[in-house]
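> Predicted coordinates and the sequence they were generated for:
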Amino acid sequence: MFEQLTTRFNDLFSKFGRKGKITESNIQDAIREVKLALLEADVNYKVVKEFVENVGKQAVGERVLRSVSAGQMFIKIVYDELVRVMGGEGSTVSLRKGRLALLLCGLQGSGKTTTAAKIALRYKKDYRFLLVSTDLYRPAAMEQLKVLCDQVGVAFFDEALKIKKPVNIVRKAKRYADRNGYNGIIVDTAGRMHLDDELMEELVRISRVIKFDETYFVADATVGQVIAETVSAFHEKLLLTGLVLTKFDSDTRGGAALSMKAVTGKPISFAGTGEKLEEMELFYPERVASRILGKGDILTLIENTRQVVDEEEARRLEKKLKKNSFNLEDFRDQLRKIRQMGSLSRIMQLMPGMGAMKKANVNDKELVKIEAIINSMTAFERKNTSILSGSRKQRIARGSGTTILDVSRLLTKFQNMKKMMKKMSKNPQIFDKFSGNDIVSGGMPEIPGGLPGDGFPGMKPPF
């Protein structure tokens with residue numbers, strides 16, 4: 001998401017940074033560029049107007065004009081305003097402890113059913129969930145939720161299949177949950193093609209059956225800013241507590257994410273980042289703003305990594321990196337971990353300086369090919385690549401369905417990577433700076449010389 005907006009901002013900041021002196025005139029030029037970038041990203045016009053006014057008021061002050069790093073100061077102002085528009089720094093989901101009742105609503109096709117299962121999966125350690133579908137209109141809607149419940153390992157309210165009224169489904173599900181010790185209930189409602197008075201009243205009646213702790217509107221991020229009016233209409237009827245944006249990994253312009261909070265007053269709570277049930281994350285405005293400006297999202301990347309790499313394995317890998325004994329078996333294991341974290345293009349979005357890379361340059365199939373080549377080697381060859389002669393490469397290429405050139409390219413890249421690691425191993429501070437203590441304490445280490453592709457060397461993320 002945000003590729004187009006990120007590219008526009010990167011181009012703007014690059015031009016802005018080349019100017020020898022910052023003046024009121026070229027700041028106004030930069031503000032106009034920011035306005036165009038936001039409008040092209042389908043951000044609500046009122047939001048854009050307020051955004052550029054706030055940036056302008058701060059940017060033309062003496063503090064910026066006399067700053068040694070005026071260009072970076074301007075970027076910081078834009079970053080702060082992006083965070084404010086999307087909900088403010090530190091805003092995050094805080095679900096009621098002990099018991100939880102959650103209602104999902106939204107337009108048809110927005111991903112409510114999958115979102116219900118994703119939330120249940122994310123919090124199944126904290127709650128014993130019962131998932132309920134009241135969608136009597138879409139064919140196989142209830143069966144879809146039941147299948148997802150089986151995949152997640154939570155309970156589905158089967159009796160809903162025999163009940164004809166949505167309100168009665170919720171009423172009986174509540175009684176069933178109380179009798180059977182379920183302390184978490186998620187109600188998935190029928191989607192609407194548009195604002196329909198009869199179906200809206202049905203939602204209101206459902207909302208009165210249970211005192212819901214959270215009422216989330218689930219929106220498709222690809223729709224753009226037009227969804228904001230629909231959200232406002234739902235809020236008038238239901239008093240929404242938050243929003244969930246699905247398809248957050250798509251090639252959308254980002255208008256929905258940047259318009260929702262400002263137009264509706266409701267925070268974005270979750271973002272769906274893929275089709276897999278694990279691919280949903282909390283929405284942190286400061287992290288998303290950092291991605292938009294091409295600075296990546298190191299904290300989310302670390303959190304995703306921790307889900308697939310345990311501490312003992314991480315320590316073992318760190319020792320190998322320091323000793324420069326990292327081999328192709330280790331490399332293959334890390335590739336498998338990367339694939340568990342999601343698509344390569346999404347991972348690149350989280351890496352500083354890589355957010356604006358075109359997806360054409362990031363091919364997940366390459367990871368499959370690399371793993372096939374490594375698997376076609378013997379264990380001894382993987383640990384001792386120097387013995388790989390022409391005949392061995394030919395055998396490996398045949399076994400992996402690739403070419404000798406593919407095998408040679410992989411070996412060259414791996415050797416180059418090892419050389420880089422050897423240089424890094426001579427500076428142990430690089431490893432120490434990325435210790436868990438830095439992350440836990442809320443700080444981010446400053447990286448000597450900056451990150452690859454980072455336009456602002458040595459700058460602490462996000463700014």
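All right, it came through fine.
> give me the low-pLDDT residue ranges for the stretch 51-200 of the chain?
61-71, 90-92 (pLDDT under 70).
> for stretch 369-384, the distance to its chain's centre please.
Taking C-alpha atoms, centre = their mean, to the nearest Å, one finds the center of stretch 369-384 at 32 Å from the center of the full chain.
> how about it: buried residues?
By neighbour count with 16 or more other C-beta atoms under 10 Å, stretch 369-384 contains the buried residues Ile370, Glu371, Ile373, Ile374, Ser376, Met377, Glu381, Arg382. Yep, even glycine has a C-beta here, placed from its N, CA and C like the rest.
> next one: stretch 387-402
By neighbour count, with 16+ other C-beta under 10 Å as the criterion, the buried positions of stretch 387-402 are Leu388, Lys393, Arg395, Ile396, Ala397, Ser400, Thr402.
> Name the helix or strand for the fifth one, please.
Spelled out, that is Ala397. Assigned by DSSP states H and E, Ala397 belongs to helix 390-400.
> Show me what the mean pLDDT comes to for that helix.
The average pLDDT within helix 390-400 is 93.
> Beyond that helix, next helix or strand please.
helix 404-425.
> That next one to helix 390-400, inter-axis angle?
Calculated by axes from the mean of the first three to the mean of the last three C-alpha atoms, to 10 degrees, helix 404-425 forms an angle of 100 degrees with helix 390-400.
> Helix 404-425 packs against which elements?
On a contact count with 3 or more C-beta pairs under 8 Å, 6 or more residues apart in numbering; DSSP states H and E, helix 404-425 meets helix 311-323, helix 364-375, helix 390-400.
> could I get those as CSV with distance to Gln4?
Formatted as CSV, the helices and strands packed on helix 404-425 follow (distance: least, C-beta to C-beta, whole Å):
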stretch, distance to Gln4
helix 311-323, 36
helix 364-375, 22
helix 390-400, 37
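> And these: which comes nearest Cys105?
For Cys105, the closest of the helices and strands packed on helix 404-425 is helix 364-375, at 33.9 Å, according to C-beta to C-beta.
> Which strands or helices does the helix or strand just after the closest one pack on?
Next along the chain after helix 364-375, taking DSSP H and E as the criterion, comes helix 379-383. The contact analysis (3+ C-beta pairs under 8 Å, 6+ apart) places helix 379-383 against helix 328-340.
> Which residues are in contact with Lys146?
By C-beta atoms under 8 Å, 6 or more residues apart in numbering, the contact set of Lys146 is Ser133, Phe156, Asp158.
> Out of these, the closest to Thr273 would be?
Nearest to Thr273 among the contacts of Lys146, counting by C-beta to C-beta, is Ser133 at 23.7 Å.
> That closest one against Ile163, yeah?
No. Contact between Ser133 and Ile163 fails when scored by C-beta atoms under 8 Å: they sit 10.7 Å apart.
> tally of neighbours for Met142?
Residues near Met142, counting by other C-beta atoms under 10 Å, number 22.
> and the residue lying closest to Asp213 once chain neighbours are set aside, how many neighbours?
Spatially, and ignoring its direct neighbours in sequence, Asp213 is nearest to Arg96 (4.5 Å; C-beta to C-beta, 6 or more residues apart in numbering). If you count neighbours by other C-beta under 10 Å, Arg96 ends up with 12.
> Let me know the secondary structure of Arg96.
coil (DSSP: H, G, I helix; E, B strand; the rest coil).
> Could you report the pLDDT at Thr273?
As predicted, Thr273 sits at a pLDDT of 84.
> Let's check: the centremost residue of the chain is which one?
Thr273 (5.3 Å; C-alpha atoms, centre = their mean).
> Phi and psi next, for the residue lying closest to Pro285 once chain neighbours are set aside.
Leaving aside its chain neighbours, Pro285 sits nearest to Met86 (3.8 Å; criterion: C-beta to C-beta, 6+ apart). Note on Met86: its backbone torsions stand at phi -90, psi 0 [degrees, to the nearest 10].
> residues contacting Met86?
Met86 is in contact with Ala257, Leu258, Met260, Lys261, Ile268, Phe283, Pro285, Val288, Ala289, counting by C-beta under 8 Å, 6+ apart.
> According to the record, where do the domains of this protein fall?
Using automatic domain parsing, the domains assigned to the chain come out as 3-85, 100-299, 309-342+362-440.
> Can you tell me which of the ones you listed is most buried?
Of all the domains of the chain, domain 100-299 carries the top mean neighbour count, a mean of 20, counting by mean count of other C-beta atoms under 10 Å.
> Val218 belongs to a strand, doesn't it?
Yes. Per three-state DSSP, Val218 lies within a strand segment.
> And Val309, what's its pLDDT?
63.
> swap in Thr23?
If you check Thr23, the pLDDT there is 68.
> before we move on, back to that, any idea how far the residue nearest to the centre of the chain is from Thr115?
12 Å (C-beta to C-beta, to the nearest Å).
> where do the contact lists of those two overlap?
In terms of C-beta under 8 Å, 6+ apart, Thr273 and Thr115 are both contacted by the residues Met280.
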